[in-house]
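In: Below are the sequence and a predicted model for it; my questions follow.
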Amino acid sequence: GRSIPADSAVAKAAAEFFKVHEYTHIGIAYIMDPYGEAYKDAFVAFCNEAGINVITAGFFSNEESIEEAVKVLAASNIRVGLFVGFDQEFPHFVNHGKLNQVSNFEGALWIVADGVSNGMVEQ
């Protein structure tokens, strides 16, 4: 069996975190595959129940697609949210996030789903 919580449980916990910290306008950057889509759907549903507005930005596993997702978030002034992807996508998200003031600056907060390893987050 699975030894880690179901993705829907993690999505609910992330939504609860944002609610407790009184965020009302957040984003989700997610890979457009069955894993990312299911995670996004659960997260958005839990956020909607909590009265949190969520901007969604899907991407494919390539730099150009990730850059476009970051631009969607930047256009909505999103600086806080959930990243659902894998090690190969995360550096592109961070790099484009810096350029578009979405990540890596004071006030930005991104929770990273379990598809990204600790080593990638610590860089």
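Out: Received the coordinates, thanks. Just so it is clear, the model here is predicted, and its values are computed rather than measured. Numbering: from 1, shown residues only.
In: buried stuff in the longest helix seen in the chain?
Out: Ranked by number of residues, the top helix in the chain under DSSP state H is helix 34-49. Neighbour-count burial for helix 34-49, counted by 16 or more other CB atoms under 10 Å, picks out 35, 36, 38, 39, 40, 42, 43, 44, 46, 47. In short, each C-beta sits where N, CA and C put it, glycine included.
In: which residues sit in contact with the fifth one?
Out: Going back to what we said before, that points to residue 40. By CB atoms under 8 Å, 6 or more residues apart in numbering, the contact set of residue 40 is 28, 30, 56, 58, 84.
In: switch the cut-off to 7 Å
Out: Going by CB atoms under 7 Å, 6 or more residues apart in numbering, residue 40 touches 28, 30, 56, 84.
In: Neighbour-wise, which one of those residues leads?
Out: Highest neighbour count within the contacts of residue 40, by other CB atoms under 10 Å: residue 84, with 30 neighbours.
In: Give the bridge partners for that residue, please.
Out: Applying DSSP bridges to residue 84 gives these bridge partners: residue 30.
In: From residue 36, how far out is it?
Out: To residue 36, residue 84 is 5 Å away according to CB to CB, to the nearest Å.
In: got any residues that touch both of these two?
Out: With CB under 7 Å, 6+ apart as the test, residue 84 and residue 36 both reach residue 30.
In: Make CSV out of the buried residues of helix 34-49 and add distance to residue 69.
Out: Conversion of the buried residues of helix 34-49 to CSV gives the following (distance: CB to CB, whole Å):
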residue, distance to residue 69
35, 16
36, 11
38, 17
39, 14
40, 12
42, 19
43, 15
44, 15
46, 21
47, 18
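In: Check the residues you listed and tell me the two furthest apart.
Out: 35 and 47 (18.5 Å; CB to CB).
In: which residues sit against the helix or strand of the chain with the lowest mean pLDDT?
Out: Least confident helix or strand of the chain, by mean pLDDT, DSSP states H and E, is helix 118-122 with a mean of 74. With contact meaning CB under 7 Å, 6+ apart, helix 118-122 is reached by 87, 90, 112.
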